[in-house]
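**Q** need coordinates for the following:
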Amino acid sequence: MKQLGSVLALGIALALSSCERTPETPSKDAEAAVPTPVDTAPAAPAAQDPAAAGPARLDGYGPLTLGSTLDEVRAAWKAPLQGEVPDDYCHALRPQGAQAEDVILMIEGKRLVRYDVRNDRITAPGGGKVGMSLGQLQTLYPDRGDVTPHKYDEKGHNLRVRPATEGGALINFEINGDGNVSAWRVGQTPQVDYVEGCS
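**A** Here you go, the predicted model:
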């Protein structure tokens, strides 16, 4: 009986040792058939080049910053500006040359307090521009825009876009009777609400 137990133990040991095989090396065809994992995470948005975004910002225009003194504005612009600012009242300055029709700068208290755009060459902060409809603007500025009646055009409106942070500048889009933006402005209160500009 003792011999039978030894033979059985030997048989079991041989059977188990034959089960321990080294893994086979996969063929080249098998490697090619295995899919490589794909990164399904959404790509991070590309950083926008500030120069490509255009000159209009909530805190200023081009090299200018809202709140800058008249001397700082003239120094930063580096080119002559049309208009005089003889006192602390509201005055308008306009670039000379190619940008003369692009922007009007409002100076009050000898500080830059607002800028106005009346053409479709310049895009407002957030993407709005002259020629867009009220619906297009409301898509760009959801939950921050208040529609108010236009002071002079009974069919027109204004879309006043509140700042994303307290104390920031506002954007006001003037929408004429045909439902499209005719002008927009960025500025501090109360100057952004001067309907007639410096008149």
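
**Q** contact partners for residue 176?
**A** Residue 176 is in contact with 150, 153, 155-156, 182, counting by CB atoms under 8 Å, 6 or more residues apart in numbering. C-betas here are computed from N, CA, C, even on glycine.

**Q** residue 144 now?
**A** Residue 144 makes contacts with 161-164, as judged by CB under 8 Å, 6+ apart.

**Q** among these, show me the least confident.
**A** Within the contacts of residue 144, residue 164 has the lowest pLDDT, namely 76.

**Q** from residue 190, how far out is it?
**A** 20 Å (CB to CB, to the nearest Å).

**Q** before we move on, what about residue 163?
**A** 14 Å.

**Q** when these two are compared, which one has more neighbours?
**A** Legend: neighbour count by other CB atoms under 10 Å for residue 163 and residue 190, higher for residue 163 (14 against 10).

**Q** ramachandran angles for the more buried one?
**A** Main-chain torsions, residue 163, degrees, to the nearest 10: phi -70, psi 150.

**Q** tell me the contacts of the spatially most central residue of the chain?
**A** The chain has residue 126 as the residue nearest its centroid, 5.1 Å off, counting by CA atoms, centre = their mean. Residues near residue 126 by CB under 8 Å, 6+ apart: 140-141, 161, 171.

**Q** at 6 Å what do you get?
**A** 140-141 (CB atoms under 6 Å, 6 or more residues apart in numbering).

**Q** show me where the chain dips below the pLDDT cut-off.
**A** 1-53 (pLDDT under 70).

**Q** hey, where'd the strands end up in it?
**A** 56-57, 60-61, 64-65, 81-82, 91-95, 104-108, 111-117, 145-149, 157-161, 170-175, 181-187 (DSSP state E).

**Q** for residue 75, which of the ones you listed is the nearest?
**A** When the strands of the chain are ranked by distance to residue 75, counting by CB to CB, first place goes to strand 64-65 at 10.1 Å.

**Q** partner strands of the closest one and their direction?
**A** strand 60-61 (antiparallel) (DSSP bridges).
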